[in-house]
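J.: Next input, structure requested:
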Amino acid sequence: MQEVNVLSRSPELVIALSGEIDSKNADEFFGEVISAYGASPYNLTFDCAALEFIDSTTLGTFVKILKRVKTDGKNMKLVNMQPRIKKLFVICALDTIMEIA
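T.: Sure, this is the predicted structure:
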């Protein structure tokens, strides 16, 4: 189960993620994020402190979100990632295309 909570909408869209995001709920995750971004199209930050698990489908979903944000001339970053989750982004070289703090 995953939770997507909008913490701030302006001047930056901050979304806190918690739980697990995988192939079973990645489409729902994408829809919730794009809906929030559509309502507040600012630079996007994901607070991943409470994110417990992701899979390869989730990595692809983050790339889809990044493409949408970049198309609009905005930036996206992920913060407070647990080391084991951050490692997945590094292994897949996603840290070279998106900001991970």
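J.: Checking my notes, Asp27 in a helix, right?
T.: Yes - residue state for Asp27 (DSSP: H, G, I helix; E, B strand; the rest coil) corresponds to a helix.
J.: Going by neighbour count, list what's buried in the top strand by length along the chain.
T.: Scanning the chain for the strand with the most residues, using DSSP state E, yields strand 43-54. Buried residues in strand 43-54, defined by neighbour count with 16 or more other Cβ atoms under 10 Å: Leu44, Thr45, Phe46, Asp47, Cys48, Leu51, Ile54. In short, each C-beta sits where N, CA and C put it, glycine included.
J.: what's near enough to touch the fourth one?
T.: To tie it back to what came earlier, the one meant is Asp47. Applying Cβ atoms under 8 Å, 6 or more residues apart in numbering to Asp47 gives the contacts Leu7, Val14, Ile15, Ala16, Leu17, Val79, Asn80.
J.: Dig out what it forms beta bridges with.
T.: On the basis of DSSP bridges, Asp47 takes part in beta bridges with Ala16, Val79.
J.: And the pLDDT at it?
T.: Asp47 is assigned 98 on the pLDDT scale.
J.: Please report the distance of it from Val79.
T.: Between Asp47 and Val79 the distance, using Cβ to Cβ, to the nearest Å, works out to 6 Å.
J.: got it, and the last one?
T.: For Ile54, the distance to Val79 under the criterion Cβ to Cβ works out to 15 Å.
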